[in-house]
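1. Using only what follows, build the 3D model:
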Amino acid sequence: MDMKKMMKQAQKMQRDAALAQEEINNTEFSATAGGGMVEAHVMGDMSVKSITIDPDAVDPEDVEMLEDMVVAAINEALRSAAEASNARMSSVMGGMSIPGLM
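-> Next up is the predicted model:
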């Protein structure tokens, strides 16, 4: 294969990967816990955007349950973001893993 052609393909793949990563970073993911009592919104860059807590979930006698629901909702939203990121990057890279690109 022509080295110049390979370099062009690698550069295109790198640009595509950067665009895909930017797209992922700007995508919002959400998840709920406790039957919808707690909802977490995260961004594809793994930052937490917001947490919504139903007032009925606030029980001063059982703060631990609320804390657990918040953690569960955040973890599920982050898991969704990571799965979407991996799937998107895998499709862009065609299953290849090139150090420095991912």
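2. and Ser30, that's in a helix?
-> No. Ser30 is assigned strand when assessed by DSSP: H, G, I helix; E, B strand; the rest coil, not a helix.
3. residues contacting it?
-> Residues counted as contacts of Ser30 (CB atoms under 8 Å, 6 or more residues apart in numbering) are 39-42, 77, 80. Just so you know, the C-beta spots here come from the backbone N, C-alpha and C atoms, and that holds for glycine as well.
4. and it, how far is that from Asp59?
-> Computed as CB to CB, to the nearest Å, the Ser30 to Asp59 distance reads 23 Å.
5. List the buried residues in the lengthiest helix in the chain.
-> Of all the elements of type helix in the chain, the one with the most residues (DSSP state H) is helix 63-93. With burial defined by 16 or more other CB atoms under 10 Å, the residues of helix 63-93 counted as buried are 66, 69-70, 72-74, 76-78, 80-81, 85, 88-89, 92-93.
6. now, among the residues you listed, which is nearest to Glu23?
-> Arg88 (7.2 Å; CB to CB).
7. Alright, that wraps it up for me.
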